Each structure stands twice: as C-alpha cells, then as structure tokens.
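S.K.: Test case, fold it:
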Amino acid sequence: MALNLKPIGDRIVVEAAPAEEKTASGIYIPDTAKEKPQQGTIVAVGAGKKDEPMTVKVGDTVLYGKFAGTEVSHEGKEYLIMREADIYAVIG
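M.R.: Predicted coordinates for the structure are as follows:
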C-alpha cells in the first residue's frame, strides 16, 4: 500500500524505528523510561528546493536529531515530517 502523504519542498516523511525494549545487558525498559528513537526509514520525499535537489530517497534509513521534525498520525500510523537539513546521516 502506497503512502498517500506527499511532503512539500525540502521536507521528508520518516517512519521512526521502534523504541528499544531492553538494554544490551538484558534489562527490560518500562514504557515511561524509553528514549525517543533517532533513527527511521524515509517513506516519502518532497521535490526539493528550486536550486537544491533532494539527496535522500524513499527507503533510506537515516539518523536525525532527538527533537527533529513534527509528529503526525496518518491512517493509524505515526510519522515524523522534517526538513532534509534535520537529517544527520544516511545509514548503509
């Protein structure tokens, strides 16, 4: 099913990775103590600015700032809409 949410300009739509359920040593983290994820997968990309084409594409896994983007709910799923400049790195 294709996402019918199209960002405008240099914005992207990211589906955040799920929060960690337990630590590396095996201790389970309660919901109230979970960190907001800083990694996700791009599900939609805008057209870019007039003189600056987009450098990321749908399917890229990216790292972004802890407080980057605006959280939105669309068709029962949670997404982040942010500018391409809020992305720190592409993984892989």
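
S.K.: quick one: the helices in the chain?
M.R.: Counting by DSSP state H, the chain forms no helices at all.

S.K.: I figured residue 80 hits residue 68, correct?
M.R.: Yes: in this structure, residue 80 is within contact of residue 68 by Cβ atoms under 8 Å, at 7.2 Å. Just so you know, the C-beta spots here come from the backbone N, C-alpha and C atoms, and that holds for glycine as well.

S.K.: Ranking helices and strands of the protein by mean pLDDT, which lands last?
M.R.: strand 70-74 (a mean of 86; mean pLDDT, DSSP states H and E).

S.K.: contact partners of it?
M.R.: Outside strand 70-74, the residues that touch it by Cβ atoms under 8 Å, 6 or more residues apart in numbering are 3, 5, 78-82.

S.K.: and the gap between the residue positioned nearest the centre of the chain and residue 51?
M.R.: With distances taken as Cα atoms, centre = their mean, residue 14 lies nearest the centre of the chain, 2.9 Å away. For residue 14, the distance to residue 51 equals 24 Å [Cβ to Cβ, to the nearest Å].

S.K.: just residue 25 next, same as before
M.R.: Going from residue 25 to residue 51 by Cβ to Cβ gives 49 Å.

S.K.: Backbone torsions only: list them for the residue lying farthest from the centre of the chain.
M.R.: Distance from the centre of the chain peaks at residue 25, with 26.9 Å (Cα atoms, centre = their mean). Here is the backbone geometry of residue 25 (degrees, to the nearest 10): phi -90, psi 0.

S.K.: Give me the pLDDT value at it.
M.R.: With respect to pLDDT, residue 25 has a value of 77.

S.K.: How about residue 34?
M.R.: 62.
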